[in-house]
Structure formats: structure tokens, C-alpha cells
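Chemist: A predicted structure for the sequence below; I have some questions about it.
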Amino acid sequence: MKLLILDRDGVINLDSDEYIKSLDEWIPIPSAIAAIARLSRAGWTVAVATNQSGIARGYYDLATLESMHARLRQLVAEQGGEVGLIVHCPHGPDDGCDCRKPKPGMLQRIGEHYGIPLAGVWFVGDSRGDLDAALAVDCQPVLVKTGKGQRTLEKPLPEGTLVFDDLAAVATHLLT
């Protein structure tokens with residue numbers, strides 16, 4: 001199985017320091033949607049692991065989050081692709097869960113769901129927390145410059161981190 005795991009906000013859709021609180025605020029990066037569809041059509045399984053502390057903060061509810069993910073699936077399907085498992089952490093930063101990145105819980109759930117070891121699987125994110133979560137389960141950390149990626153580049157990255165302009169560049173690399 002060819003598995004690629006993605007962070008959501010800043011990788012698939014535009015990010016906001018004010019949180020993405022509604023379907024109207026969930027604005028996909030067009031090249032990212034096309035990249036997911038291209039990967040899927042080429043036999044890749046594309047899963048998503050996303051921190052969503054806005055739920056714990058009361059900014060939006062689970063139904064709103066599910067509507068965003070339904071829209072993501074619809075947009076990718078319109079281009080002939082499919083999105084695999086989407087897992088989210090609804091907890092706040094101080095809730096002590098094991099799923100909120102940089103902790104590895106969501107990535108472990110994806111690996112268990114597909115029944116594969118995560119060693120070497122690419123995890124694409126835009127923050128240091130994403131990169132640290134990848135390292136915690138021996139995934140290949142991949143940083144994109146979209147979202148918070150440029151800000152993340154201002155500090156040292158974990159050794160071995162791959163850097164791409166955006167998800168489209170990641171897809172092109174994986175498909176050539």
C-alpha cells in the first residue's frame with residue numbers, strides 16, 4: 001500500500017490563526033485538491049490527521065467539522081480521486097490527550113486502520129508539531145511552505161525533513 005498522510009489546515013486548505021470555524025471559512029487550496037486527486041488516481045491512499053482544538057474551545061461543533069470533510073471528499077471525487085481515513089483531535093492543548101500533534105496518536109490510528117507500519121510513510125504538514133508527530137512514529141517528515149510553513153522554516157527543522165513549495169509539488173515528486 002502506498003500511503004500518504006496529510007495535515008489539513010495550511011496543507012489542503014487555507015489556514016487562519018482565528019481558526020476555520022465554518023464551511024464558508026474552509027477554503028481549499030485548488031492545487032492541493034488536484035494533487036490529492038492525482039495521487040489517488042495513481043493508487044495512493046491519502047489520509048488526513050488534523051488538530052481541531054476549535055471544537056474544545058467551542059468555536060464550532062462536530063457537525064461543522066464533518067461538513068468541511070464532506071466538502072473535501074466531494075471536491076476530490078469531482079476530480080476522480082478519493083480521500084482515505086480522516087482523523088481529528090478535538091482536544092485543547094492542555095487536555096492531556098495522546099492524539100493532539102505533536103503527539104503521535106492520530107498517526108498511530110491511521111497506521112492501525114490500514115494495518116501497516118508507519119516507518120518511512122510521508123507525513124506532510126506545515127508546522128513543527130506536524131514534523132515532530134511524524135518523527136514520533138518514524139514517518140518521513142515533509143514540510144510544505146503553504147500555511148504556517150514559511151514561519152516554520154524560520155527555525156531549525158528536524159534532520160531529514162523534506163521541504164516542498166506545496167502539496168502539488170509533493171505529488172509531482174511522488175508520481176515521477
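Modeler: Structure received. Fair warning: this is a prediction, and the values are worked out from it, not measured in the lab.
Chemist: Setting the sequence-adjacent residues aside, check what's closest to residue 69.
Modeler: residue 86 (5.2 Å; Cβ to Cβ, 6 or more residues apart in numbering). C-beta here means a position set from N, CA and C on the backbone, and glycine is covered the same way.
Chemist: Ignore what I typed, I meant residue 59.
Modeler: Closest to residue 59 by Cβ to Cβ, 6+ apart is residue 21, at 4.7 Å.
Chemist: related to what we said a few turns ago, count residues in the vicinity of the residue nearest to residue 69, would you?
Modeler: Residue 86 sits with 21 neighbouring residues when counted by other Cβ atoms under 10 Å.
Chemist: Same check on residue 63?
Modeler: By other Cβ under 10 Å, 7 other residues sit near residue 63.
Chemist: Tell me which residues are up against the helix or strand hosting it.
Modeler: For residue 63, the element it lies in under DSSP states H and E is helix 62-78. With contact meaning Cβ atoms under 8 Å, 6 or more residues apart in numbering, helix 62-78 is reached by 12-13, 20-23, 26, 28, 33, 36-37, 40, 48, 52, 55, 82-83, 86, 88, 90.
Chemist: Weed out the non-buried ones from those.
Modeler: Buried members of the contacts of helix 62-78, scored by 16 or more other Cβ atoms under 10 Å, are 12-13, 20-21, 26, 28, 33, 36-37, 40, 48, 52, 55, 83, 86, 88, 90.
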